[in-house]
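Enquirer: Predicted model and sequence follow; I will ask about them next.
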Amino acid sequence: MARSYRTHDVLKILETKLQMEIRSGKHNTCWYYLDGKKALRTTIPHGRQPFKSGTQRAVMRQLMLTPDQFEDLMQC
C-alpha cells in the first residue's frame, strides 16, 4: 500500500527536486519546463492535510510516474 504524504511536503519536493514552477490560485499548479517549454503540469490542493488516495494517484498520473517511482522521489 502506498504511503500517504502531506500536500505541503509534496509541494516542497516538486519545487526543490524537480525544479517545478508553482503558481498559487484556487489550487497550486506546478509546471515542469523542458527546454523552455511547458512539459508537465500537476495540481496540488492547498493546505497541509494528508493526500487522499485518489489525489495521490492523480498526481502520479500527471507526473507520469509509477507508484514505485513516486515513492522513490519522495524518499530520496
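Expert: Noted; the coordinates are in hand.
Enquirer: Okay, and the beta partners of the closest residue to Ala39 other than its chain neighbours?
Expert: Nearest in space to Ala39, with sequence neighbours left out and distances taken as CB to CB, 6 or more residues apart in numbering, is Tyr32 at 5.3 Å. No exception for glycine: its C-beta is placed from N, CA and C like everyone else's. Applying DSSP bridges to Tyr32 gives these bridge partners: Leu40.
Enquirer: Tyr32 is in contact with Met20, isn't it?
Expert: Yes. Assessed by CB atoms under 8 Å, Tyr32 is found in contact with Met20 at 5.0 Å.
Enquirer: out of the two, which sits in the busier spot?
Expert: Per other CB atoms under 10 Å, whichever of Tyr32 and Met20 has more neighbours is Met20, with 22 against 16.
Enquirer: Against Ile13, how distant is the more buried one?
Expert: Separation of Met20 from Ile13 (CB to CB, to the nearest Å): 9 Å.
Enquirer: ok, now Glu71?
Expert: Glu71 is 12 Å from Ile13, by CB to CB.
Enquirer: can you list residues touching both of Tyr32 and Met20?
Expert: Common contact partners of Tyr32 and Met20 (CB atoms under 8 Å, 6 or more residues apart in numbering): Leu40.
Enquirer: Strands of the protein, residue ranges please.
Expert: For the chain, the strands defined by DSSP state E cover 21-24, 28-34, 37-44.
Enquirer: I'd assumed Pro45 was in contact with Val59.
Expert: No. At 10.0 Å, Val59 and Pro45 do not qualify as touching, with contact defined as CB under 8 Å.
Enquirer: Of those two, give the one with the bigger neighbour count.
Expert: More neighbours surround Val59 than the other of Val59 and Pro45, with 21 against 15 (other CB under 10 Å).
Enquirer: Quick check: pLDDT value at that one.
Expert: Val59 carries a pLDDT value of 93.
Enquirer: quick one on the thing from earlier: determine which of the strands of the chain approaches Thr7 most closely.
Expert: Nearest of these to Thr7, taken as CB to CB: strand 37-44 at 5.6 Å.
Enquirer: how near is Lys37 to Trp31?
Expert: Lys37 is 10 Å from Trp31, by CB to CB.
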